[in-house]
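Trainee: Take this sequence and fold it.
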Amino acid sequence: MTMNSRIAPALARALEGKGYETLTEVQTAVLAPEADGADLLVSAQTGSGKTVAFGLAIAPTLLGEEDRFDYAAAPLALVVAPTRELALQVQRELLWLYGEAGARIVSCVGGMDARSERKALERGCHIVVGTPGRLRDHIERKSLDMSSLRAVVLDEADEMLDFGFREDLEFILEGAPENRRTLLFSATVPKSIADIARRYQNNAVRLSTVSEREQHADIEYRALTVSPADRENALINVLRFYEAERALVFCATREGVNRLAARLGNRGFAAVSLSGELSQKERTHALQALRDGRARVCIATDVAARGLDLPGLELVVHSDLPTNSDVLKHRSGRTGRAGRQGVCVMIVPQNQRGRVNRLLRGANIEAEWGEAPSLNDVKERDRERLLNDPSLHQDYDEDALAGARELLALHSPEKIAAAFLHRMQATTPSAEDLMAMPAAGERARPARREPFSGGVWFKLTAGRNQRAEPRWLLPMICRMGDVTRNEVGAIEIADSETLFEISADHAERFAAHVKASGGAEGSIYIHPANAPANKPQDRKREERPKRKFEGKPEGRPDRPFRKPRANDEVSQSRAPRYDPDDGAPREIADAPQSASAAAQRPESGKPPFRKTGKPSDAQTGKDRPRKAYGSKPEYRAEGGAAKRPAAAKPGFRKPAADEARPSGRQTPAKPATASPGGKYKGKPKPHRANYDDGQQSFKRVKRKGPRPGRS
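Mentor: Below you'll find the predicted structure:
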């Protein structure tokens, strides 16, 4: 190709090596004489080659008259991108574009190791590509030196403002040298972008390509109407109908991405997910799997809607509708890039047609309306692909033909072809059968059903007092009785119960399913209208047989047998008694019914029994003196004289004043002295005597530490 003379020689060689024959419209616009050395405000459609465009635009500013860069020191250019994926993609594009010039390019994005990035910046580089938050972090930590910057590029500037990066962008632009070049590239130029251009650019040149205002000619737009309950099934049929090598499906939320990725994976699709909740490593692996062909479908949020270039992406599907026309254009622009053809499919619920029409008008896009591919459409497309399979029309070597002849010798051609078809169908996900939709422009009307004749009435134990409403009663009735809403007739809600009608053809089956499910869901029970409103557990209690008691006494047939107690008014003639003479039980036939057990005991020479085995004072007739508070127990015999058992331990009774001290080793008492202060405040200090009672010496000491043998 004939290169523009304003392109740096090193970059021209890189473009030739990449296979460029012509430049795109935006790439040609940035090389115009009026754009040389000036600040630029460029707006162009997605997929128009903006990354190569600003790479060509800043090359004269960075290289000057040189063909290659000198040694790497402080960075000369700074490129800011809104997302991590876009920043890494820009780095890859600039690596091959500036490869012949010997440029060293470093990326600084969130989710990566900041220490490695800091070391790379310390070693020196020529161009830095990063996200706003991570670049500001490096600037504040003094690891990114902006004193030598000659150019600052803001890629997808409108999206960065939408993501809330205005403060970070202003911090970066205010810290850059004043004599730098500032280039703003954006798909659209809203008021916020114009305000930044006015504040941070000097006499910026406005470049707007003609294709920005026209519909993307390389993308075929289709709007497919489906039932709201068939959106995911329609998505499966769309993927099977087109069988694209690479497809990108957009969802509105991360939860939708996770659910859809799980379902497509279970159906046999090679799918990966891409959302903001994934780590940078997981997001990079997902995109790499799609580029390598290990995955064919990528389910993503709008994080993949800007600037992402996936080579060979043939199909973009809007599973959830975009929020506005700009998002629609950015999503759809992932396909049909660099002159390649692509298809954009919008799955439109029947009740969202008006919204989609407004989105299409706002984006200046004309879409072809239709229905989602049905099961028969997918089968017909599979048959066409099978008959036109390129593998059936290519030539094979002699070894392959020899194997084919061996198979024909063993099996018939029909059997071999059937095995081939079975193998292909086993590895291909099956399509879904969708509900029929009305034609475009017609309004869906609910099908009318014939009124019931001779329906069977049932009732459930919930009414207006329990806030019963048909919107949740009807699904519950269908679940419990395994019927559809077409078999349920009138529903009459009373204060405490609800009557509903089931068609006569399904009433018996409904009653059987309700009985099999237990007749209840939560605290609500269903039974025929003429049956008593008893709960299942109440009916079971009534049907339970009465308990039979074996061997209960006569005269009391209605009460179970139990062992009589001492204070019972019933006869004690059958209760065993214990004879105090020998302790053996014996029968006492003629005992008064209201007498106590102590009064019934016969006279005996032995003292009466007490529970503790110790006679009471009333029984012995002796008056026991009351013990002083805090004294030790005394041992008394029948006569009351004090004595100490030989085997008992000595007591701790303090001798009286007129009593002689026990013999043995004694310690003279120290004279009590009064202290002027402290604990006792002038009172005599107490002292403890050490004495020996002739058997064992005792000394009361304060023990320090744990006792021996204890922890």
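Trainee: Just the CA trace of the strand or helix carrying Arg291, in PDB.
Mentor: Using DSSP states H and E, Arg291 maps to helix 280-292. Taking C-alpha atoms only, helix 280-292 is exported to PDB below (Å, rounded to 0.1, in the frame of the first residue of the first chain):
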ATOM      1  CA  GLN A 280      -8.600  -9.400  36.700                       C
ATOM      2  CA  LYS A 281      -6.900 -12.800  36.200                       C
ATOM      3  CA  GLU A 282     -10.300 -14.500  35.700                       C
ATOM      4  CA  ARG A 283     -11.400 -11.800  33.200                       C
ATOM      5  CA  THR A 284      -8.200 -12.100  31.300                       C
ATOM      6  CA  HIS A 285      -8.500 -15.900  31.100                       C
ATOM      7  CA  ALA A 286     -12.100 -15.600  29.900                       C
ATOM      8  CA  LEU A 287     -11.200 -13.300  27.000                       C
ATOM      9  CA  GLN A 288      -8.200 -15.400  26.100                       C
ATOM     10  CA  ALA A 289     -10.300 -18.500  26.000                       C
ATOM     11  CA  LEU A 290     -12.700 -16.700  23.500                       C
ATOM     12  CA  ARG A 291      -9.800 -15.500  21.400                       C
ATOM     13  CA  ASP A 292      -8.100 -19.000  21.300                       C
END
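Trainee: mean confidence score for it?
Mentor: For helix 280-292, mean pLDDT is 87.
Trainee: Now tell me what touches it from outside.
Mentor: Helix 280-292 has contacts (Cβ atoms under 8 Å, 6 or more residues apart in numbering) with 84-85, 88, 109-112, 246, 272-274, 278, 295-296, 298, 308, 310-311. Using the backbone N, CA and C atoms, a C-beta is placed for each residue, glycine as well.
Trainee: which of those residues are buried?
Mentor: The neighbour-count test (16 or more other Cβ atoms under 10 Å) applied to the contacts of helix 280-292 identifies 84-85, 88, 109-110, 112, 246, 272-274, 278, 295-296, 298, 308, 310 as buried.
Trainee: got any ranges where the stretch 451-600 of the chain has weak pLDDT?
Mentor: Where the stretch 451-600 of the chain drops to pLDDT under 70, the residues are 451-453, 531-600.
Trainee: all strands for it, in order.
Mentor: With DSSP state E, counting those that start in this stretch as the criterion, the stretch 451-600 of the chain has strands at 456-460, 488-493, 498-502, 520-521, 524-528, 577-578, 585-586.
Trainee: Now distance to Gly354 and mean neighbour count too, for the ones you listed, in a markdown table please.
Mentor: Below are these laid out as a markdown table (distance: least, Cβ to Cβ, whole Å; neighbours: other Cβ atoms under 10 Å):
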| stretch | distance to Gly354 | mean neighbour count |
| --- | --- | --- |
| strand 456-460 | 40 | 21 |
| strand 488-493 | 32 | 16 |
| strand 498-502 | 36 | 21 |
| strand 520-521 | 39 | 16 |
| strand 524-528 | 40 | 19 |
| strand 577-578 | 98 | 14 |
| strand 585-586 | 97 | 10 |
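Trainee: quick one: which of these is nearest Cys125?
Mentor: Closest to Cys125 of these is strand 520-521 (Cβ to Cβ; 67.0 Å).
Trainee: I'd like to know which elements that closest one is packed against.
Mentor: Other elements packing on strand 520-521 under the criterion 3 or more Cβ pairs under 8 Å, 6 or more residues apart in numbering; DSSP states H and E are helix 470-481.
Trainee: thinking again about what came up before, which strands or helices does the helix or strand that comes right after the helix holding Arg291 pack on?
Mentor: Next in sequence after helix 280-292, counting helices and strands by DSSP H and E, comes strand 297-300. Here strand 297-300 touches strand 247-250, helix 254-266, strand 271-274, helix 280-292, going by 3+ Cβ pairs under 8 Å, 6+ apart.
Trainee: and among the ones you listed, the most buried is which?
Mentor: Stretch with highest mean neighbour count among the helices and strands packed on strand 297-300: strand 247-250 (a mean of 26; mean count of other Cβ atoms under 10 Å).
Trainee: counting contacts, what elements does that strand pack onto?
Mentor: Secondary-structure packing of strand 247-250 (3+ Cβ pairs under 8 Å, 6+ apart): helix 231-242, strand 297-300, strand 315-318.
Trainee: just the strands in the stretch 101-250 of the chain please.
Mentor: Under DSSP E, counting those that start in this stretch, the stretch 101-250 of the chain gives strands at 105-108, 127-130, 151-155, 181-186, 205-208, 219-226, 247-250.
Trainee: Would you single out the least confident of those strands?
Mentor: Among these, strand 205-208 carries the lowest mean pLDDT (a mean of 87).
Trainee: buried sites along it?
Mentor: Val205, Leu207.
Trainee: Just the CA atoms of it, as PDB, please.
Mentor: Extracted in PDB, the C-alpha atoms of strand 205-208 (Å, rounded to 0.1, in the frame of the first residue of the first chain):
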ATOM      1  CA  VAL A 205      -9.200  20.600  16.700                       C
ATOM      2  CA  ARG A 206     -12.600  18.900  16.400                       C
ATOM      3  CA  LEU A 207     -12.600  15.800  14.200                       C
ATOM      4  CA  SER A 208     -15.900  14.100  13.500                       C
END
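Trainee: mind listing what that strand pairs with, with the direction of each?
Mentor: Using DSSP bridges, strand 205-208 pairs in its sheet with strand 40-43 (parallel).
Trainee: Just the angle for the following helix or strand past the partner strand relative to strand 151-155, thanks.
Mentor: Later in the chain than strand 40-43, the nearest helix or strand by DSSP H and E is helix 50-63. Between helix 50-63 and strand 151-155, the angle comes out at 170 degrees (axes from the mean of the first three to the mean of the last three Cα atoms, to 10 degrees).
Trainee: what sits up against the following helix or strand past helix 50-63?
Mentor: Once the chain leaves helix 50-63, the next helix or strand it forms, by DSSP H and E, is strand 77-80. Outside strand 77-80, the residues that touch it by Cβ under 8 Å, 6+ apart are 54, 58, 61-62, 87, 90, 94, 126-132, 135, 146, 149-155, 160, 169, 172, 176.
Trainee: swap the cut-off to 6 Å and go again
Mentor: Strand 77-80 is contacted by residues Ile58, Leu62, Val90, Ile127, Val128, Val129, Pro132, Leu149, Ala151, Val152, Val153, Leu154 when judged by Cβ atoms under 6 Å, 6 or more residues apart in numbering.
Trainee: how about CSV for these, with distance to Gln27 and neighbour count added?
Mentor: Compiled in CSV, those are given as follows (distance: Cβ to Cβ, whole Å; neighbours: other Cβ atoms under 10 Å):
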residue, distance to Gln27, neighbour count
Ile58, 13, 22
Leu62, 17, 20
Val90, 15, 27
Ile127, 18, 26
Val128, 23, 25
Val129, 19, 29
Pro132, 26, 24
Leu149, 23, 21
Ala151, 17, 21
Val152, 20, 23
Val153, 14, 25
Leu154, 18, 29
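Trainee: between the residues you listed, which is nearest Gly370?
Mentor: Using Cβ to Cβ, these come closest to Gly370 at Val90, 37.7 Å.
Trainee: Now stretch 352-363: buried residues?
Mentor: Val356, Leu359, Leu360, Ala363.
Trainee: Let's have the residues you listed in CSV, adding secondary structure.
Mentor: What follows is the buried residues of stretch 352-363, written out as CSV (DSSP: H, G, I helix; E, B strand; the rest coil):
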residue, secondary structure
Val356, helix
Leu359, helix
Leu360, helix
Ala363, coil
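Trainee: How much space separates Tyr98 from Gln91?
Mentor: 11 Å (Cβ to Cβ, to the nearest Å).
Trainee: more crowded one of the two?
Mentor: The residue with more neighbours, out of Tyr98 and Gln91, is Tyr98; 25 against 21, by other Cβ atoms under 10 Å.
Trainee: Would you mind finding the most buried of the helices and strands packed on strand 247-250?
Mentor: Most buried among the helices and strands packed on strand 247-250, counting by mean count of other Cβ under 10 Å: strand 297-300, with a mean of 26.
Trainee: what lines up beside that strand in the sheet?
Mentor: strand 247-250 (parallel), strand 271-274 (parallel).
Trainee: follow-up on the earlier one: which among the helices and strands packed on strand 247-250 is found nearest to Asn486?
Mentor: Across the helices and strands packed on strand 247-250, Asn486 has its closest neighbour in helix 231-242 (21.3 Å, Cβ to Cβ).
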